Structures are given as C-alpha cells and as structure tokens.
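In: Here's a sequence, model it:
(one chain, ligands or ions: 1)
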Amino acid sequence: MAEHAHISCQEVVELVNDYLEGTLTPHEASLFEQHVNFCDGCDWYLDQMRTTISTVGRISEEEVPPEARDRLLGAFREWKRR
Ligand SMILES: [Zn+2]
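Out: Got it, this is the predicted structure:
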C-alpha cells in the first residue's frame, strides 16, 4: 500500500454513498475503511448514514429525505428522555 494513500474527512463524506452502495473500487473502499477506523467523526457519520439507509431503503446524493431525518432526530430525543 502506498504511503500517500490517505483520504480526508471531506472525501469520506463525498464517498459514503458510494461506499454503502458498494460501488467503490476495492482500493477506494480500503482507504475509506482505513480512515473511518481512526476517525471518530467519520465513524459516527458512517453510522448515521447506515441507520438512515436502513430506515428509508436508499439515499441519493444531496437528498437526505426530511422524513428520515425527522424520524432520526425524534428517535434521539426519545432516547435521551429515558
Ligand atoms: Zn474523518
């Protein structure tokens, strides 16, 4: 693996849909996983995207369904209350 093989948080955000849809190359996917393993912020972000996708089925770029977001936020609020 080349030493310069690194991606930024910005790139993780841009690639997350492709990653979850399995359309990244194996090389891109391994770079993505490598970053997420060491970055709490991106790990959290990936987790949120997974949850959202499992709720609404799929996600298109720049189009997080407001309904899914509301449901997600509602779930957080209820969880906090307990
Ligand atoms: Zn990151």
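
In: for the protein, what helix or strand is lowest in average pLDDT?
Out: Among the helical and strand segments of the chain, the one scoring lowest on mean pLDDT, DSSP states H and E is helix 66-81, with a mean of 62.

In: which bits of this structure sit near the ion?
Out: Listed as neighbours of the ion in the chain under the rule C-beta under 5 Å from the ion: 9, 39, 42. For the C-beta atoms, the positions are set from N, CA and C on the backbone; glycine is no exception.

In: remind me which residues of this protein are low pLDDT?
Out: 1-5, 58-69, 71-82 (pLDDT under 70).

In: Try it again at 80.
Out: Within the chain, the set of residues satisfying pLDDT under 80 comprises 1-5, 53, 56-82.

In: could you pull out the helices for it?
Out: Assigned by DSSP state H, the helices in the chain fall at 9-21, 26-38, 40-56, 66-81.

In: can you put those helices in a markdown table and add mean neighbour count?
Out: What follows is these, written out as a markdown table (neighbours: other C-beta atoms under 10 Å):
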| stretch | mean neighbour count |
| --- | --- |
| helix 9-21 | 15 |
| helix 26-38 | 14 |
| helix 40-56 | 14 |
| helix 66-81 | 11 |
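
In: Residue 11: what's it in contact with?
Out: Remark: with contacts taken as C-beta atoms under 8 Å, 6 or more residues apart in numbering, residue 11 is in contact with residue 35.

In: where's it relative to residue 34, distance?
Out: Here the distance between residue 11 and residue 34 works out to 12 Å (C-beta to C-beta, to the nearest Å).

In: for residue 25, phi and psi?
Out: Geometry field for residue 25 lists phi and psi as phi -70, psi 160, criterion degrees, to the nearest 10.

In: Report how many residues lie close to it.
Out: Each residue near residue 25 was counted by other C-beta atoms under 10 Å, and the total is 9.
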